[in-house]
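**Q** Need a 3D model of the sequence below.
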Amino acid sequence: MRFHYALVDDILKQEEFDRRIEEKIASYGGAIDETAAALLVVEELGRSHQKIEAITISPSLVSFFGKVIQVTDPKEFTRDDGSTGCVSRVELADSTGSIPLVLWDEMAAGVRELEEGTVIEVIGRPKKGRITEVHALAVRETSVEITISEEKSRSFSSSADIDARILVIEPPRTFTRRDGVEVTIQEAIIGDPSGCARFITWEPALLEGISEGASVRITGAKRRSSDDGIEYIAQEGTTIIPLDEEIGFSFRKTSEVHDKGVYSVRGTITSLHPPRQFTTRRGQPSWVRNLFIDGPLRIVIWGDRACEPFLCGETIEIYNAGARLNRYGDVELSVGFGSAIRVVTDKTEERVIEGVIILTSEGMALSDGKNIYVIEPSDLRLATRYRISGRLSGRRLVVDEATPLPADSVSLKERAAALATPSLSPSGVGY
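**A** Next up is the predicted model:
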């Protein structure tokens, strides 16, 4: 009974919970045991068990049944206070979906007792990791049976090999996990004639020597499928082998993008809005930007990528983006977590251009007095004169070398004179 009391301890005292259980057993003429009675009491109080599909990030506790699909060995770590902790993860599933269960300390140490196929009852708190996960507060084995269809089973975590083309390789990212361990993750987007998927590795060396556009065979990766798309997670024995034959991949037409689903498209920017800053639910500043390709299709770019320079008339490629209906009822593609966007550059020419760094609605730019070139990277100092050597494609200038120049007083006077309004000069003032 104490197991289920954790779900309602914020609204009932233990004595009242026990009393209700005794009443429930009596009302059934003693035909149910304490566990069944506790479940009925919890359900009456609005804290019933959920299906995995319904679990979302919430400050409240959740309870659910799940079948053990995969168990990872416990790992020890050292906390900031010098004490030793232990963590493990268990993949659970039911007929609606799957979710990672995170176990800490004593529960993690006992994870080896769990066998695949065992059904367990969980009380825990949903939290946001790389995906939604539940951090366990109480776990126990149960006699409840969970039947999962063969089709659904294939969508859960499983080892898989795939031949694919490397479409995008993101730079490695290093961060500190909750357990204090610093880890590095690297992501890529891969594709074949059937579409796109994310590839994730915690060992960036796995992608060393692999370039975008290469066709490869990935072996021993864990495959996971959901409404947000497909991802392959590298395991200890995962390998990436270059292939001689080219793996095909094609973009969807923008007219084929409908509500829901994951798409990769290519199109020309017809209009764009400036980046807009906002505050996330975690209180962190972030950015969002809207642009349109081929006229009607809205692209919403999230995070730091919203501040990257994009120009009307440029061709862009968008990979693995989720479609949804916005508040106006229009379909839009969201370029955020797990997606990528690339500008397709035309022929480039080597150029040396002198000018002043200015800020435009399209981003940081270089003005030589006649033309304005959007620059990347955009880490040069505003209002400073530079001599830039780089590669020019249309109005986009990729900086290879930037040398600050001293202010040219003659040039400044000439430019100021050109901007002056004659009617404001002393000779143009009438009395």
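**Q** And the residue nearest to residue 338 when sequence neighbours are not counted, which helix or strand is it part of?
**A** Excluding its sequence neighbours, the residue lying closest to residue 338 (CB to CB, 6 or more residues apart in numbering) is residue 198, at 5.1 Å. Yep, even glycine has a C-beta here, placed from its N, CA and C like the rest. Assigned by DSSP states H and E, residue 198 belongs to strand 195-201.
**Q** how close does the nearest residue to residue 253 once chain neighbours are set aside sit to residue 335?
**A** Distances taken as CB to CB, 6+ apart place residue 265 nearest to residue 253, at 7.4 Å, with adjacent residues excluded. Per CB to CB, to the nearest Å, residue 265 is found 11 Å from residue 335.
**Q** intersection of neighbour lists for the two?
**A** 318, 321 (CB atoms under 8 Å, 6 or more residues apart in numbering).
**Q** Could you point out the helix or strand that follows the lowest-mean-pLDDT helix or strand in the chain?
**A** In the chain, the helix or strand scored least confidently by mean pLDDT, DSSP states H and E is helix 150-155, which has a mean of 59. Downstream of helix 150-155, the first helix or strand assigned by DSSP H and E is strand 158-169.
**Q** Direction included, what does the next helix or strand after that next one pair against?
**A** Next along the chain after strand 158-169, taking DSSP H and E as the criterion, comes strand 173-176. Strand 173-176 pairs in its sheet with strand 182-192 (antiparallel), by DSSP bridges.
**Q** Mean confidence (pLDDT) on the longest helix that the chain contains, please.
**A** Secondary structure of the chain per DSSP state H: the longest helix is helix 14-27. The pLDDT scores in helix 14-27 average 83.
**Q** What helices and strands are in contact with the next helix or strand after it?
**A** Helices and strands here follow DSSP H and E; after helix 14-27, the next one along the chain is helix 34-44. For helix 34-44, the packing partners by 3 or more CB pairs under 8 Å, 6 or more residues apart in numbering; DSSP states H and E come out as helix 2-5, helix 14-27.
**Q** Mean neighbour count and distance to residue 87 for the ones you listed - can I get that in TSV?
**A** TSV is the format used below for the helices and strands packed on helix 34-44 (neighbours: other CB atoms under 10 Å; distance: least, CB to CB, whole Å):
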stretch	mean neighbour count	distance to residue 87
helix 2-5	17	22
helix 14-27	15	30
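**Q** Can you say which of these is nearest to residue 34?
**A** The closest of the helices and strands packed on helix 34-44 to residue 34 is helix 14-27. By CB to CB, the value is 6.0 Å.
**Q** returning to that earlier point: out of the helices and strands packed on helix 34-44, nearest to residue 218?
**A** helix 2-5 (42.0 Å).
**Q** For residue 1, give me the pLDDT.
**A** pLDDT at residue 1 comes out at 52.
**Q** how much space between residue 263 and residue 289?
**A** Counting by CB to CB, the gap from residue 263 to residue 289 is 19 Å.
**Q** what does residue 278 give?
**A** 11 Å.
**Q** Neighbour count: those two, which is higher?
**A** residue 289 (20 against 10; other CB atoms under 10 Å).
**Q** Where does the prediction get shaky in the stretch 51-200 of the chain?
**A** Residue ranges of the stretch 51-200 of the chain with pLDDT under 70: 129-131, 150-160, 177-179.
**Q** now what about stretch 117-130, what contacts it?
**A** Everything outside stretch 117-130 that qualifies as a contact, by CB under 8 Å, 6+ apart, is 3-4, 6-7, 49, 55-68, 92, 100-102, 114, 132-146.
**Q** ok, 7 Å please
**A** Stretch 117-130 is contacted by residues 3, 6-7, 55-58, 61-68, 101, 132-142, 144-146 when judged by CB atoms under 7 Å, 6 or more residues apart in numbering.
**Q** Can you mark which positions in stretch 276-286 are buried?
**A** Counting neighbours by 16 or more other CB atoms under 10 Å, one finds that stretch 276-286 has no buried residues.
**Q** oh, and call the first residue 2 from now on, that's how I've got it
**A** With 2 as the first residue, the last one maps to stretch 277-287.
**Q** May I have that stretch exported as PDB, CA atoms only?
**A** Only the C-alpha atoms of stretch 277-287 are listed here, as PDB (Å, rounded to 0.1, in the frame of the first residue of the first chain):
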ATOM      1  CA  ARG A 277      13.000  37.400 -32.900                       C
ATOM      2  CA  GLN A 278      14.200  36.800 -29.400                       C
ATOM      3  CA  PHE A 279      12.000  35.100 -26.800                       C
ATOM      4  CA  THR A 280      12.400  33.400 -23.400                       C
ATOM      5  CA  THR A 281      12.000  29.600 -23.100                       C
ATOM      6  CA  ARG A 282      10.100  27.800 -20.400                       C
ATOM      7  CA  ARG A 283      13.300  27.300 -18.600                       C
ATOM      8  CA  GLY A 284      13.900  31.000 -18.500                       C
ATOM      9  CA  GLN A 285      16.700  30.900 -21.100                       C
ATOM     10  CA  PRO A 286      16.900  33.400 -24.100                       C
ATOM     11  CA  SER A 287      16.500  31.900 -27.500                       C
END
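**Q** so how far is that stretch off the chain centroid?
**A** 15 Å (CA atoms, centre = their mean, to the nearest Å).
**Q** One more: stretch 243-253?
**A** 25 Å.
**Q** Same question for stretch 349-369.
**A** Worked out by CA atoms, centre = their mean, stretch 349-369 lies 32 Å from the chain centre.
**Q** start to end distance for it?
**A** Start-to-end span of stretch 349-369 (CA to CA, to the nearest Å) is 19 Å.
**Q** which residues touch it?
**A** The contact list for stretch 349-369, computed with CB under 7 Å, 6+ apart, reads 275, 310, 312, 370, 373-376, 379, 381-394, 398, 406.
**Q** would you say residue 392 is within a helix?
**A** No - read with DSSP: H, G, I helix; E, B strand; the rest coil, residue 392 is strand and lies in no helix.
**Q** And stretch 278-294, end to end?
**A** 22 Å.
**Q** Need the contact partners of it.
**A** Residues outside stretch 278-294 that contact it (CB under 7 Å, 6+ apart) are 255, 268-274, 276-277, 299-305, 307-308, 311, 317.
**Q** from those residues, which ones fall inside strands?
**A** The members of these that map onto strands under DSSP state E are 268-273, 277, 299-303, 317.
**Q** Output those as a markdown table; include the columns distance to residue 31.
**A** Shown next, in a markdown table, are these (distance: CB to CB, whole Å):
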| residue | distance to residue 31 |
| --- | --- |
| 268 | 69 |
| 269 | 74 |
| 270 | 72 |
| 271 | 73 |
| 272 | 72 |
| 273 | 71 |
| 277 | 64 |
| 299 | 62 |
| 300 | 63 |
| 301 | 59 |
| 302 | 63 |
| 303 | 57 |
| 317 | 69 |
